[in-house]
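Peer 1: Any chance you could fold what I've pasted below:
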Amino acid sequence: MLNGHGDDLHLIDGEIKHNFSSNVYYKGCPEMLLNEVSKHVPLIQSYPSPAANELNILAAKKFNLKNEQFLFTNGATEAFYLIAQFFSDKKAAIIAPTFSEYEDACKIFKLKYELISRTEIHKTNADLIFICNPNNPTGAIFSKSELELLFQQKPNTTFIIDEAYIEFTNSVESIVSLTEKHINLIVVRSLTKTFTIPGLRLGYVVSNALNITNLLALKMPWSVNLLAIKAGEYIFNNYNSLQFNSTELLEETALFKKQLTALEGIKVCDSTTSYFLVELLHTSAKKLKEYLSTEHQILIRDATNFNGLEGEYIRLSTQSKKANNTLIEALKKWI
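Peer 2: Below is the predicted model:
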C-alpha cells in the first residue's frame, strides 16, 4: 500500500501543526541520535555493508542471542516482504484488523491468505500466521504465555510476530528470547517508532539461524543505507538512555483518553498502547479528517481502510499536552 497509512503528510496541501496520524514517539528523535547521524553524512559517498551485519553483533549482545539470529532490513516492511517471498507457495492467515503490509506482501508474492479474528486461530490450517503484538490499530495484545501455547499447539505453523510497537505498552513483554526455543517463530521488530527515525527505515528480523539464512538468500544488497546503520549502532550502544519512558507516555494517554471520553458523538476504544481507535457515531472519518486538517491544521488517521474494521473509525496517537488540548477543542467545535 503506497498510500493509506498514517502520517500521509505528503498528500496534504497546507500546513499541519499537530500530527496525530503517526504512531512514532511524539517528542521526536533524541538530539544525541540526530547529532550522531549528522556526523556521518560525508560517508554517504561510500557503499554501506551489503547486509548491515555489524548491527547483528550489537543486537545479539542486547538480547543475549547469536549473531546469526538477526537480519536487518529497510524498515520492518522489507522483512514482511522477504517472509512472504520465502513462503510464496504457502497459505497464510492474518489476525485482523491490522497493519496492511502483511496482506499486501501476501498479494504480491501470491500467497493464499485469509483474514481471521484471534478467536479463529485454532480453526485455521494456514502455514503461517501474522500477529501484530501489540496490534496496530487496536492496541490489543497476546500475552507471552498465550503465544507460547500457540507455538506448541501448532508446531507445523510458522508464526510471524510483529513487535514494532512493543515499547509502547507495559502490558506485554517481548518474545525475542523464545526464538531459540521455537523453530516456528519469526519476530520482526522496528527501531523506527521508538526512536522516531521513519525517514531512515530500520527494522530487523529475529529467528533461528536457518530461517535467517533463508531470508538472507532473498535479500537485495545494500537495502539498509549507511546512515541507518550508523543510527542503529548508536541506538544499540545507548539503548536505555535513548528510549522514552513508557509509563510516562501511557499516563499522558490515559488523561488524553479521559478528555476524549467526555465528548459526545464518539466512543474511545480500549487499548494498551499510546495509540487507539475512536469510533465516530454520527459522522464519517473522511469528513472529520478534512475538517481538522483544513480548519485546525490537525492531521488524524482515517482508519476506515483497515480490513476487518466495520464502521467509521479514526486512530489517534498521543501527542504533547498542548496538541492534545488543541484537538479536544477542535472536536468540541465540530460536535
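Peer 1: ok, I160 - how many residues close by?
Peer 2: A total of 24 residues lie near I160 under the criterion other C-beta atoms under 10 Å. To be clear about C-beta, it is placed using only N, CA and C from the backbone, and glycine gets the same treatment.
Peer 1: quick one: it from S223, how far?
Peer 2: I160 sits 19 Å away from S223, going by C-beta to C-beta, to the nearest Å.
Peer 1: Give the helix, strand or coil label for V278.
Peer 2: strand (DSSP: H, G, I helix; E, B strand; the rest coil).
Peer 1: which residues does I229 contact?
Peer 2: By C-beta atoms under 8 Å, 6 or more residues apart in numbering, the contact set of I229 is 48-49, 52, 54-55, 72.
Peer 1: W222: how many residues sit nearby?
Peer 2: Counted with other C-beta under 10 Å, residues neighbouring W222 total 14.
Peer 1: Show the pLDDT at it.
Peer 2: The score at W222 is 98. That number is its pLDDT.
Peer 1: buried set for stretch 277-288?
Peer 2: 277-280, 285, 288 (16 or more other C-beta atoms under 10 Å).
Peer 1: just stretch 98-109 next, same as before
Peer 2: Under the neighbour-count criterion of 16+ other C-beta under 10 Å, stretch 98-109 has 98-106, 109 buried.
Peer 1: quick one, phi/psi of I116?
Peer 2: Backbone torsions of I116, given as degrees, to the nearest 10, read phi -130, psi 160.
Peer 1: I'd assumed I94 was in contact with it.
Peer 2: Yes. Proximity of I116 to I94 meets the contact threshold set by C-beta atoms under 8 Å, at 7.1 Å.
Peer 1: neighbour count winner among those two?
Peer 2: It is I94, of I116 and I94, that has more neighbours when counted by other C-beta under 10 Å, with 25 against 17.
Peer 1: List the beta-bridge partners for that one.
Peer 2: Per DSSP bridges, the residues bridged to I94 are L115, F130.
Peer 1: Can you name the residues that contact it?
Peer 2: I94 makes contact with 102-103, 106, 113-116, 129-130, according to C-beta under 8 Å, 6+ apart.
Peer 1: Thanks a lot, catch you later.
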